[in-house]
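# Any chance you could fold what I've pasted below:
(2 chains)
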There are 2 protein chains.
Amino acid sequence: MTSERAGWLAVVGLGPGDPTLCTPAVVDVLTQATDWVGYDGYLTLAAGIVEPSDHHELHRTDNREEADRARHAIALALAGKRVAVISSGDPGVFAMAAAVMEQIDAIPPSRLDVSIHPGVSAAHVVAARAGAPLGHDFAVISLSDNLKPWSVIERRLDAAAAADLAIALYNPRSRARPDQFGRAVEVLRTHRVGDTPVVLGRDVGRPGEAVTIVTIAELAEHDVQETVDMRTVIIVGSSQTRAIDGADGRRWVYTPRSYPD
Amino acid sequence: MTSERAGWLAVVGLGPGDPTLCTPAVVDVLTQATDWVGYDGYLTLAAGIVEPSDHHELHRTDNREEADRARHAIALALAGKRVAVISSGDPGVFAMAAAVMEQIDAIPPSRLDVSIHPGVSAAHVVAARAGAPLGHDFAVISLSDNLKPWSVIERRLDAAAAADLAIALYNPRSRARPDQFGRAVEVLRTHRVGDTPVVLGRDVGRPGEAVTIVTIAELAEHDVQETVDMRTVIIVGSSQTRAIDGADGRRWVYTPRSYPD
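Below is the predicted model:
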């Protein structure tokens, strides 16, 4: 084990995975790092952006082990390694930056060079593909109840929809909780007319990308809900969000910049 | 005037301005474009990322002319030009993507090749510099009442704070409305204890960057409010957001991933 002083820990966001959407700053961190730490799937994405060389050690972990992963990364950095902690999208949005901060808070290390490198967030990639559904005030809410009570999620959906924000939903539906998503849609529907546009973006910015535009009434249908999983980010429009047809038959969704008096 | 069929319109987000935070996809659009259209200040940022060559025509406009600018860009693209419409940050967040969509909606062109290229959003750059204040559910709200009634803004601040979301505030305070910001802080304070962490990020990712961490009680003070302007993005914590001291004396702000029962 080395104990050089040159170790550091850099939390990076790859963006969605497409190399053309990853910042040069993050490419530089991945290149300079000695150790890559992250969820297995994100390390695979990173390897498609910067090819790992002989000097890179890859530490692949399961998806739900964020606290262990952060502790491991801190230990490596304190031992003199140059550690990249890898998230997709932006590392500050339901990702590793908070997990690393939690560990620094729990056991403040006596010395640790930490930096956080932002990325293009999944909500903004999905929005760009669809037009500009987040062009006015919006909220970003995770539907996962692993780390918060479902009652808090419902309350937030209700408040955000009542305040007429567009809403980006992360982690919308998993096999472990297939039915909560329907309940979330019910809460949102109480504040929106049936033809409110909804954007479903699955694997956006990755191979197999699919962007689907539906209405909130359609989102209440079983068959549409079956297409939604943890790799989907959903944007539900405000009362002002509009779906329009472009010249090439392509459908766009946008939220106007202005709000009526 | 040419009338080739090869014209296109690409709405791009530069990120904050630092070239290392701009995506390769946006660099490619800037390079391939014949015409750059945008607010004067953003064209200057773009020129620091891709040096304009002889084949680039720069169309610099004032900041409040988004609709005219979008119409002009569409006309150029229809005339066969390759047009980059330039925003800082992400183009879908209070920026040109929605302005272009509004014009396509108003007068649907018979043909128009449109694409939108996401960028690293200002809120996420500020968050990364401070730690992970947006690590849990959050809202993004503009305090400008140019395009929406102030009453709507207050209602949204109240709803987002009551639902215990962290809140990123864009366009917080201008010379034309120096006092509304104080009113916004009052609304937020009714839902937060005085030591709730607040991050003030000014010109983040640009020369002269300043990140300041205060409490919401301090944000109510006149002298602190005087430091806030249109180039500042503010992140107000939720009830769970914590300020901690790192090993190097640096202060971090983060919102834990979990929410108490």
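# Can you list the residue ranges for strands in chain A?
For chain A, the strands defined by DSSP state E cover A:8-13, A:35-39, A:57-61, A:82-87, A:114-117, A:131-132, A:138-142, A:166-170, A:197-202, A:210-215, A:232-236, A:242-245, A:251-254.
# and these, which is most packed in?
strand A:131-132 (a mean of 31; mean count of other C-beta atoms under 10 Å in any protein chain shown). (Glycine included, C-beta is placed from N, CA and C.)
# now that one: mean pLDDT?
Across strand A:131-132, the average pLDDT comes to 98.
# Next: stretch A:216-227.
Mean pLDDT, stretch A:216-227: 96.
# and that stretch, C-alpha only, in PDB?
Taking Å, rounded to 0.1, in the frame of the first residue of the first chain, the C-alpha atoms of stretch A:216-227 are listed here in PDB:
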ATOM      1  CA  ILE A 216     -51.000  11.800 -19.100                       C
ATOM      2  CA  ALA A 217     -54.300  10.000 -19.800                       C
ATOM      3  CA  GLU A 218     -52.300   7.400 -21.800                       C
ATOM      4  CA  LEU A 219     -49.700   7.200 -19.000                       C
ATOM      5  CA  ALA A 220     -52.500   5.900 -16.800                       C
ATOM      6  CA  GLU A 221     -53.000   2.900 -19.000                       C
ATOM      7  CA  HIS A 222     -51.500  -0.400 -18.000                       C
ATOM      8  CA  ASP A 223     -49.800  -1.100 -21.300                       C
ATOM      9  CA  VAL A 224     -48.000   2.200 -21.300                       C
ATOM     10  CA  GLN A 225     -46.900   1.800 -17.700                       C
ATOM     11  CA  GLU A 226     -45.500  -1.600 -18.600                       C
ATOM     12  CA  THR A 227     -43.000   0.200 -20.800                       C
END
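# Mind listing what's buried along that stretch?
Using 16 or more other C-beta atoms under 10 Å in any protein chain shown as the burial criterion, the residues of stretch A:216-227 that qualify are A:216-220, A:224-225.
# ok, residues contacting it?
For stretch A:216-227, contacts defined as C-beta atoms under 8 Å, 6 or more residues apart in numbering or on different chains pick out A:173, A:181-182, A:185-186, A:188-189, A:192-198, A:200, A:202, A:212, A:214, A:234, A:236-237.
# And residue A:113, its phi and psi?
The phi/psi pair for residue A:113 (degrees, to the nearest 10) reads phi -90, psi 100.
# ok, it touching residue A:9?
Yes. In terms of C-beta atoms under 8 Å, residue A:113 counts as a neighbour of residue A:9; the distance is 6.9 Å.
# tell me, what's touching those two both at once?
Counting by C-beta under 8 Å, 6+ apart, the contacts common to residue A:113 and residue A:9 are residue A:77.
# From residue B:220, how far off is residue A:109?
Residue A:109 sits 34 Å away from residue B:220, going by C-beta to C-beta, to the nearest Å.
# what residue ranges in the stretch 151-261 of chain A score low on pLDDT?
Within the stretch 151-261 of chain A, no range satisfies pLDDT under 70.
# Residues of it that sit close to chain B?
Within the stretch 151-261 of chain A, the residues that sit near chain B (C-beta under 8 Å from any C-beta of the partner chain) are A:152, A:155-156, A:158-160, A:162-165, A:242, A:244-248, A:252, A:254-259, A:261.
# 6 Å instead, please
Applying C-beta under 6 Å from any C-beta of the partner chain, we find that the stretch 151-261 of chain A lies next to chain B at A:152, A:156, A:159, A:163, A:244, A:247, A:252, A:254, A:256-259, A:261.
# Ok, the stretch 1-150 of chain A next?
Counting by C-beta under 6 Å from any C-beta, the stretch 1-150 of chain A sits next to chain B at A:20-21, A:23-25, A:90, A:92, A:97-98, A:101-102, A:105, A:109-112, A:116, A:118, A:120-121, A:124-125, A:127-128, A:131-132, A:134-135, A:137-141, A:147-149.
# Can you flag the buried ones in these?
Burial by neighbour count, 16+ other C-beta under 10 Å: within those this picks out A:21, A:23, A:25, A:90, A:92, A:97-98, A:101-102, A:105, A:112, A:116, A:118, A:120-121, A:124-125, A:127-128, A:131-132, A:134-135, A:137-141, A:148.
# for residue A:45, what are its contacts?
Residues in contact with residue A:45 (C-beta atoms under 6 Å, 6 or more residues apart in numbering or on different chains) are A:14, A:17.
# hmm, try it at 7 Å
Neighbouring residues of residue A:45 by C-beta atoms under 7 Å, 6 or more residues apart in numbering or on different chains: A:14, A:17, A:88.
# okay if I get those as TSV plus neighbour count?
Compiled in TSV, the contacts of residue A:45 are given as follows (neighbours: other C-beta atoms under 10 Å in any protein chain shown):
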residue	neighbour count
A:14	31
A:17	24
A:88	27
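# gap between residue A:75 and residue A:6?
In terms of C-beta to C-beta, residue A:75 sits 16 Å off from residue A:6.
# before we move on, what about residue A:148?
Note on residue A:148: its distance to residue A:6, by C-beta to C-beta, is 38 Å.
# cool, residue A:30 as well?
Applying C-beta to C-beta, the value for residue A:30 to residue A:6 is 17 Å.
# Pick out whichever of these two has more residues nearby.
Per other C-beta atoms under 10 Å in any protein chain shown, whichever of residue A:30 and residue A:6 has more neighbours is residue A:30, with 23 against 11.
# I'd say that one and residue A:43 touch.
No. Counting by C-beta atoms under 7 Å, residue A:43 is not a contact partner of residue A:30; they are 10.2 Å apart.
# just to revisit the earlier point, so which pair among the residues of the stretch 151-261 of chain A next to chain B is furthest apart in space?
Spanning the widest gap among those are A:152 and A:247, at 43.8 Å by C-beta to C-beta.
# More neighbours: the two, which one.
Each of residue A:152 and residue A:247 has its neighbours counted (other C-beta under 10 Å); residue A:152 has more, 17 against 14.
# Now that one. Nearest residue, chain neighbours left out?
The shortest distance from residue A:152 to any non-neighbouring residue, by C-beta to C-beta, 6 or more residues apart in numbering or on different chains, is to residue B:259 (5.6 Å).
# same question, residue A:159
Going by C-beta to C-beta, 6+ apart, residue A:159 has residue B:163 as its nearest residue, at 3.7 Å.
# now residue A:60
Among residues not flanking residue A:60 along the chain, residue A:40 sits closest, at 4.2 Å (C-beta to C-beta, 6+ apart).
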